[in-house]
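In: Build me a model:
(2 chains)
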Amino acid sequence: MESLMHIIRARKPRYVQRACLRILRNTLIVLGCAILVCIFIFPVLWMVSNSFKSNDTINAQLSSLATFFPDFTQIGQWFDNYGNLFATFDYFGRSILNSVIYCIVTIVMVLVLNSLAGYALARMKFPGSRTLMNIVVLLMIIPVETSVVPLYVILYRLGLLTEELNVFGYLLPGFCSLMYIWMFKQYFEGMPIELEESARIDGCSRPGIFFRMIVPLSLPIFATVTILTFMGQWNEYINAQLIFTDPAKQPLQVYLQLINTFQPRDLGLTMAALTFSTIPIALVYIFFQRWIIEGVSFSGLK
Amino acid sequence: MDNTADVTREGEGERLTRYGEFLKRAKSKLPRMHLSLKGDGGKHRQPYFKIIRTEYSREETLWGWIFVLPCVILGAIFVLGPIVISLYYAFTDANLLRLDEAQWVGFENFKRVFEDSTVGLALTNTLTFVVEVVPLQLFTALGLALLVNKITHGNTFLRWAFFVPVMLSLAITSMLWMNLLNDSDGLINALILACGGIPVNWMTDEVITLQAIIFISAWQGAGYQMMIFISALKNVDHSLYEASEIDGAGSWNRFVHVTLPAIRPTFSFVLITMLISAFRIVTQPMIMTQGGPNNHTMTMSYYIYLQGTQYRDIGYSSAIALIFTFVMAAVSLTLRRLFEGKKD
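Out: Residues are numbered from 1 along each chain as shown, chains lettered A, B, ... in the order given. Okay, the predicted model is just below:
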């Protein structure tokens, strides 16, 4: 590159040199971007295109570039794997539905319970409020993953692991998160207090102030927590595979492992399962992209 | 409205001086109900009570407790509960199959932790993972953010391309890469063969497997932190760049002296959250390798989990968890102290 620049510099007038340099730099940037995009996208591309192929085709094309693209000569058999998927694994569709339901329930409960607690800790002074705040701060340091087993014991002792109640056993622990309480509290503390004071003087009750004034004014934090909860709950794997033995109740992430480890190994089928289960979450990301970007970036601005 | 509030406060002050310090103290010691004139010129009298010197409004107490109660109950059972019982179980030989016959064994479990070579291996693996994945992911994310920020044409496409792995869940990512890196018929080895290289035992080599998991984790997570960095970069005051350009700063100097200080709060936040979540790694080895080969991808969280569920040895599992929790709490506290100190 040095020598090339040297040649450019030696022979041409200055504006030509500059143009050449710019072209050179832009080409390098574009090339770099292309390589990076390839690194980040090729596994996903491979996953999607191989979900349209039979197992034999996948193995035949594995070491050629055709492996990254759907096979247009077999367009009629593109969705065979998907048909197979639903025919072989009875609970596949059900597990997606389960995941969606678990996510919605958790998000609603997390938003309601944690925002109320966060508001009370931010704005209200009552006996024990300071102690509660100290406990929250102290316990936030402790990782959740190390308490998977004791949590299991507690659920067992509470009788929440029986076939009828294990859905509650799975969902209840996720409703209260110290981190979200803390985030809500921080946000509410940053809001101007004058609004609330004037509402109180006008005779508005506490719940009235919260639901009619605070909630509409603090949508960014609600969006952030919604997104974080969604990502956390959608990705949740450990507790679910410990608690649910009945495939009809398993969320997607656990059920997928059954498909992934299914023998004899059928790569096309596995890729179809992985692709299909990415569709709902991709839709969520595409439809709510503005909120997601705002939410993600808001979580960084603390 | 503000005026009346001030007048009332002044009035209260005068009254206090008039009654004297003695009366004020005597009153504050009695936990009884009063009617106070608060903030609103006496139009709305609010009942309140006192516990030791602090005044509490009755209404606020009632609603405050109603607001926090669900979380207090859930938190006491599902957050505090596991910590308390694992504190107890760590000193017993509790087993998942015979929970009620737990025998007190003192520090026996903790002695076992230090004699167990798998714990040492798991700790080494976890630390290796943290030390490698955090810089890799952090600087990839920062680099991608700078790139996307710099490029004017097609940056939406780039942003979404880098964000695609985040959309796959952790479990799906693990399963996908497990197939890609399959020793015998995985894509990566096929590509290596096609290029004339020697295939690598991605999933069975004791050293390489952990490195593969590190790469996959960074690949999956970098897009998320990139989004955070992009918004931080957008918030950097543009006049600073112009000023530094006039002063003749090159792009590297501008990056070091303008961009980095401006995004430092975001940087430290991302670093801390990334470190803490890296310490907790469990899903990837659980799905991809089950800790193998020969425990060379065993991590602390996964070992704690395995001891509790597979071997059903809750006592031992709790003891490891306790030690690990202390290590992590120390790390995160030190980091917070470090970065909060730096901010000033």
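In: only C-alpha atoms for contact and neighbour calcs from this point on.
Out: Will do.
In: Enumerate every residue touching B:Val258.
Out: Listed by Cα atoms under 8 Å, 6 or more residues apart in numbering or on different chains, the contact set of B:Val258 reads B:Leu240, B:Tyr241.
In: Which pLDDT value does the model give it?
Out: pLDDT, B:Val258: 87.
In: Now do the closest residue to A:Tyr82 other than its chain neighbours against A:Trp46, distance only.
Out: Closest residue in space to A:Tyr82, ignoring its immediate chain neighbours: A:Ala272 at 5.9 Å, by Cα to Cα, 6 or more residues apart in numbering or on different chains. Plainly put, A:Ala272 is 11 Å away from A:Trp46 if you go by Cα to Cα, to the nearest Å.
In: Neighbour count: those two, which is higher?
Out: Shown here are A:Ala272 and A:Trp46; by other Cα atoms under 10 Å in any protein chain shown, A:Ala272 has more neighbours (25 against 19).
In: any idea which element the more buried one lies in?
Out: Taking DSSP states H and E as the criterion, A:Ala272 maps to helix A:267-287.
In: what residues does that helix touch?
Out: A:47-48, A:50-55, A:58, A:81-82, A:84-85, A:96, A:252, A:256, A:259-260, A:292, B:167-169, B:172, B:176, B:179.
In: same thing but 6 Å
Out: The contact list for helix A:267-287, computed with Cα atoms under 6 Å, 6 or more residues apart in numbering or on different chains, reads A:Met47, A:Val48, A:Asn50, A:Ser51, A:Lys53, A:Ser54, A:Asn55, A:Asn81, A:Tyr82, A:Asn260.
In: so can I have a markdown table of those residues showing secondary structure and neighbour count?
Out: Output for the contacts of helix A:267-287, formatted as a markdown table (DSSP: H, G, I helix; E, B strand; the rest coil; neighbours: other Cα atoms under 10 Å in any protein chain shown):
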| residue | secondary structure | neighbour count |
| --- | --- | --- |
| A:Met47 | helix | 26 |
| A:Val48 | helix | 22 |
| A:Asn50 | helix | 29 |
| A:Ser51 | coil | 27 |
| A:Lys53 | coil | 28 |
| A:Ser54 | coil | 20 |
| A:Asn55 | helix | 16 |
| A:Asn81 | helix | 24 |
| A:Tyr82 | helix | 21 |
| A:Asn260 | helix | 22 |
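In: where are the low-confidence patches of chain B?
Out: B:1-46, B:340-344 (pLDDT under 70).
In: okay, which residue is most central for it?
Out: B:Thr273 (4.4 Å; Cα atoms, centre = their mean).
In: try chain A
Out: A:Met231 (2.6 Å).
In: any idea how far A:Val284 is from it?
Out: From A:Met231 to A:Val284 the distance is 11 Å (Cα to Cα).
In: For stretch A:188-198, buried residues please.
Out: A:Phe188, A:Glu196 (16 or more other Cα atoms under 10 Å in any protein chain shown).
In: Please report how far the residue nearest to A:Tyr82 lies from chain B.
Out: Separation of A:Ala272 from chain B (Cα to the nearest Cα, to the nearest Å): 11 Å.
In: Just list what the strand of greatest length in chain B packs against, helices and strands only.
Out: Criterion DSSP state E: the longest strand present in chain B is strand B:46-51. Judged by 3 or more Cα pairs under 6 Å, 6 or more residues apart in numbering or on different chains; DSSP states H and E, the packing partners of strand B:46-51 are strand B:54-57.
In: buried residues in the strand it packs on?
Out: Under 16+ other Cα under 10 Å, the buried positions of strand B:54-57 are B:Tyr56, B:Ser57.
In: For B:Pro47, list each beta-bridge partner.
Out: Note on B:Pro47: beta-bridge partners by DSSP bridges are B:Leu35.
In: ok, it to chain A distance?
Out: 13 Å.
In: got the contact list for the residue nearest to the centre of chain B?
Out: Listed by Cα under 6 Å, 6+ apart, B:Thr273 has no contact partners.
In: same thing with B:Thr297?
Out: By Cα under 6 Å, 6+ apart, the contact list for B:Thr297 reads B:Leu210, B:Gly291.
In: Apply 8 Å and report the result again.
Out: B:Ala122, B:Asn125, B:Glu206, B:Thr209, B:Leu210, B:Pro285, B:Thr289, B:Gln290, B:Gly291.
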